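Colleague: how would this look folded up:
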Amino acid sequence: MASAPPPSAARLYRPNRFVSLPAELDPDAYDTSPGKRRAEAERLAIRSRLKRQYLLQLNNPSPPAVIENPALIRWAYAKSQNVYPTFRPTPKTSFLGAAYGLAPLLFWIFVLKADRDRKEKRIQEGKYKRPFSVFF
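Modeller: Numbers count the residues shown, from 1 in each chain. Okay, the predicted model is just below:
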């Protein structure tokens, strides 16, 4: 039977209780699984292909009118079209929407109605002479 490989130095290191573990010995940074390493390599390959394509367009002697950056296009799409991950209706957002949308409207309705009622009362008491106005 084959025995397991010996643990790495990062796994054997135990930090002193007065000193934290250095970032260089973080096991998550160095002792990664093969699947994680493969995913990182795929992401790096995609990034390098996109970078090469962009640099070829940028350094072209007869460049097109607009150089399209696929990463920027994806970001703009995610920012403008895919709104749900950045906003979720919650009780707090519903309350804030009502406060900023309905409260000013209700405030001005109340102010104008109170002013009209006050003028009407003064007209009925005879204390207010209505000025002639074509527009109001």
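
Colleague: Domain parsing of the chain, as residue ranges.
Modeller: Split into domains by the TED database, the chain comes to 21-87, 89-127.

Colleague: what's the least confident stretch among these?
Modeller: Mean pLDDT is lowest for domain 21-87 among the domains of the chain, at a mean of 81.

Colleague: quick one: that domain to chain centroid distance?
Modeller: Distance of domain 21-87 from the chain centroid (C-alpha atoms, centre = their mean, to the nearest Å) equals 18 Å.

Colleague: neighbours of residue 50, just the number please.
Modeller: Number of residues near residue 50 (other C-beta atoms under 10 Å) recorded here: 14. For every residue, glycine as well, the C-beta is placed using N, CA and C.

Colleague: next one: the one 3 residues further on
Modeller: Using other C-beta under 10 Å, residue 53 has 13 other residues around it.

Colleague: Could you say which helix or strand holds it?
Modeller: helix 34-58 (DSSP states H and E).

Colleague: returning to that earlier point: quick one: closest of the domains of the chain to residue 5.
Modeller: With distances scored as C-beta to C-beta, the stretch of the domains of the chain nearest to residue 5 is domain 21-87 (11.2 Å).

Colleague: Endpoint to endpoint, the closest one covers what distance?
Modeller: Terminal residues of domain 21-87 lie 38 Å apart, using C-alpha to C-alpha, to the nearest Å.

Colleague: ditto for stretch 58-77
Modeller: Stretch 58-77 stretches 22 Å from its first residue to its last (C-alpha to C-alpha).

Colleague: What lies in contact with it?
Modeller: Residues from elsewhere that reach stretch 58-77, judged by C-beta atoms under 8 Å, 6 or more residues apart in numbering: 50, 53-54, 57.

Colleague: Over to stretch 121-130?
Modeller: So stretch 121-130 is contacted by residue 119 (C-beta under 8 Å, 6+ apart).

Colleague: how far does it stretch from start to finish?
Modeller: End-to-end distance for stretch 121-130, by C-alpha to C-alpha: 12 Å.
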